[in-house]
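In: okay, here's the prediction I keep looking at, along with the sequence it came from:
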Amino acid sequence: MPVARPETSDARVIAHVDMDCFYVQVEQRKQPELRGLPTAVVQYNEWQGGALIAVSYEARSCGVKRSMRGEEAKAACPEIQLVQVPVARGKADLNTYRSAGSEVVSILAQSGKCERASIDEVYLDLTDAAESMLADAPPESLESIDEEALKSHILGMSREDGDDFKESVRDWICRKDADRRDKLLGCGIIIVAELRKQVLKETEFSCSAGIAHNKARSYLFCMFLFPFIASIMLAKLASGMNKPAQQTVVPYSAVQELLSSLPIKKMKQLGGKLGTSLQTDLGIDTVGDLLQFSETKLQEHYGINTGTWLWNIARGISGEEVQGRLLPKSHGSGKTFPGPRALRSLSNVQHWLNQLSEELYERLSSDLEQNKRIASTLTLHASAFISKDSDSHKKFPSKSCPLRYGVTKIQEDAFNLFQAALREYMGPFGTKPQGNKKETWRITGLSVSASKIVDIPSGTSSIMRYFQGQSTIPSSSTSGCPQEHVAVTPSVSESCSEQKSVETRASIPEEDITITYTSPDLDNSYRDSDIVLEKFPCQDASCQSNEAKEFPTQSGTQTKTIGRKINNSKEKNRGMPSIVDIFKNYNASPQARQETQEDSTVSLTSNRGNLSSSTSHNSEVNQEVEDRRDTNWGYKVGEIDQSVFDELPYEIQREFRSFLRPNKRPNAGKSKSGDGSASSSIAHYFQPLKR
DNA sequence: ACGGCTGTAACT
DNA sequence: TAGTTACAG
């Protein structure tokens, strides 16, 4: 039954933390003598001094900009220090930055729901922490306010004299007659200042932050309605307003004005074509300009979903929440081969795919080791053109297949995927570069990525005991591979002159882990069967066979290898659960835990010191939040009938629509679809809370 | 024919 | 689902 949410749930406190010129800071920590000097991180030094990917603030003040070449930077700022990004396997290696980012996340994750937005950005939902603080130790009760907090920028607050400035910040934070939302924001200021200091102390990295809140607009049905002020966007906006090493707050009272004059392209998601279209097609230059357009009008131009979304963000409304996700959902390794460096032979492509696959596998291995997660899909992307003009700009298709753990497996599969895609790409041309025709392919970019990463049930499960390196199911020699004749035959390998390094990889032993399940009856549901993961050293010749095999399990009961085949369309659902299915089932049962703060219990390890930390203690707190939300829902949204909806006051109906965007309604082009598309139930308007 | 390398999400 | 496209840092 609908119950008004307690007041404490109305306003939330969201922070966006953004590391200052992060790669530069990482390099400066490694080489402290660079601190304070104009510095830039550059990759691929050979051509025009390489490309800048991060620029220190000292260098920026000399006019150095990202996406200058190294030589330009030298010209603009002769004393600039250029540091090269590490190179491994012939390509840029961002791992040091990744793990430096993890150091930061592991600190920030301790104070609330935390989302790793990118390698150097984090969102925090500090609502709980702010509420506790307000209840237990409100700012006005404190003897002194942190200096760092007093340096905050508060939008809408005049800051005239430098002297009185901190005083007025203090007053704002401690104001007794403040709105509850502002009080919470005041707590947020103090918490974020503290966090930033902690990050600095423990990692030596400085960062900037934006703090904003949201507010439930509907008090009536707020138990299932959360029309939020777009705090995530606002927090992000704010974090960029004062850099480096500063924090900015957006009180509710400042939102309107901030948005009204905000250039439309500064809004997240509007920095690209959509933003341009708003400008040129509708003459919209600021977010404020958007207000003049009706929802219907926007839907006519941009489709039902985007139109509604635009209408909402113009009013500061967004359903976005901080996701409790600390780990990436995919890993990828790629490289471009621009212009004259484009790859023109299969063996060269194979060489690079081998390099990329190695790196990918290395990262998959540490993900497995550190986070007990496995990826289940391997995808190959490439970009290409065809020499001698013709149809030069055709898209090179992406291809994916089940991911088999093991370097050589990934290398093999990646190469097979490539060849399958190449055939498709070339079509009538044929794939032979040696052919008489001059039309032949050139590869300008390659990447391999791993996705659909799922947790391995840890704890009581014995699975991890068997896990050391990799798992795989030998692929079928015939039907499985997209390019049968080429798939695993030694001749292809030998024909590649550049791939020697593959076999010299040392650190991770090449073994197979085969996932098997024991079941007396193969047609039974596998859910209840005993899942066993076994490893088979690859030295065993049987592993190198191309045929799916059966292995005995420890228990000796009948087992079946879970065979997965590349591009296998027909056999997929023939009683053979994929590893993903198994783990998904396993994970789903106790609690839907996939996107919850539970993720934070993984250890984030860094390459520097022992900063790996577990935040399980506070996952309970957050779990509580999740539970409250879930149980507050109280009933299945699908059970809400349209008639109930129709009886609501129009304003409320509108709020329903505006927040619960008519999601997943088929985007019938850009035409204004008839209306609710004959949805018989209000459920149509709901999206599950967590996607 | 240069911005390189990642990563997420929505759409179809 | 698999593949494409947009967006962002």
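Out: It's in.
In: residues of the stretch 301-450 of chain A that sit close to DNA strand B?
Out: Where the stretch 301-450 of chain A comes near DNA strand B, counting by Cβ under 7 Å from any atom of the strand, the residues are A:303, A:305-306, A:323, A:328-336, A:338-342, A:359, A:385, A:442, A:444-445, A:447, A:449. Where you see a C-beta, it was placed from the backbone N, CA and C, and this is true even at glycine.
In: out of the residues you listed, which sit inside strands?
Out: A:331-336, A:385, A:442, A:444-445, A:447, A:449 (DSSP state E).
In: any of those buried? List them.
Out: The neighbour-count criterion (16 or more other Cβ atoms under 10 Å) marks A:331-335, A:385, A:442, A:444-445, A:447, A:449 among those as buried.
In: closest to A:Leu124 out of these?
Out: Nearest to A:Leu124 out of those is A:His331 (Cβ to Cβ; 24.0 Å).
In: turn the ones in strands among the residues of the stretch 301-450 of chain A next to DNA strand B into CSV, columns for pLDDT.
Out: Shown next, in CSV, are those (pLDDT from 0 to 100):
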residue, pLDDT
A:His331, 98
A:Gly332, 98
A:Ser333, 98
A:Gly334, 97
A:Lys335, 97
A:Thr336, 95
A:Phe385, 92
A:Arg442, 94
A:Thr444, 95
A:Gly445, 97
A:Ser447, 98
A:Ser449, 98
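In: contact partners for A:Ile14?
Out: A:123-127, A:211-214, A:231-232, A:234-235, A:322 (Cβ atoms under 8 Å, 6 or more residues apart in numbering).
In: one more time with 7 Å
Out: A:123-125, A:212-214, A:231-232, A:235, A:322 (Cβ atoms under 7 Å, 6 or more residues apart in numbering).
In: now these as CSV including secondary structure, pLDDT and neighbour count?
Out: Below are these laid out as CSV (DSSP: H, G, I helix; E, B strand; the rest coil; pLDDT from 0 to 100; neighbours: other Cβ atoms under 10 Å):
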residue, secondary structure, pLDDT, neighbour count
A:Tyr123, strand, 96, 26
A:Leu124, strand, 96, 26
A:Asp125, strand, 95, 27
A:Ala212, strand, 93, 32
A:His213, strand, 83, 29
A:Asn214, strand, 67, 30
A:Ser231, helix, 83, 32
A:Ile232, helix, 90, 27
A:Ala235, helix, 94, 30
A:Val322, coil, 92, 23
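In: I'd like to know which of these is nearest to A:Arg116.
Out: Using Cβ to Cβ, the contacts of A:Ile14 come closest to A:Arg116 at A:Tyr123, 8.4 Å.
In: tell me the contacts of that closest one?
Out: Listed by Cβ under 7 Å, 6+ apart, the contact set of A:Tyr123 reads A:14, A:16, A:115, A:117, A:232, A:322.
In: name the element the fourth one belongs to?
Out: So the one you mean is A:Ala117. Applying DSSP states H and E as the criterion places A:Ala117 in strand A:113-118.
In: in the stretch 301-450 of chain A, which spans are helices?
Out: Applying DSSP state H, counting those that start in this stretch to the stretch 301-450 of chain A gives helices spanning A:346-371, A:407-426.
In: please convert these to JSON lines, extending it with mean neighbour count, mean pLDDT and distance to A:Thr280.
Out: Below are the helices of the stretch 301-450 of chain A laid out as JSON lines (neighbours: other Cβ atoms under 10 Å; pLDDT from 0 to 100; distance: least, Cβ to Cβ, whole Å):
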{"stretch": "helix A:346-371", "mean neighbour count": "22", "mean pLDDT": "97", "distance to A:Thr280": "39"}
{"stretch": "helix A:407-426", "mean neighbour count": "23", "mean pLDDT": "96", "distance to A:Thr280": "34"}
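In: can you put the ones you listed in JSON lines and add distance to DNA strand C?
Out: Converted to JSON lines, those look like this (distance: least, Cβ to the nearest atom of the strand, whole Å):
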{"stretch": "helix A:346-371", "distance to DNA strand C": "15"}
{"stretch": "helix A:407-426", "distance to DNA strand C": "8"}
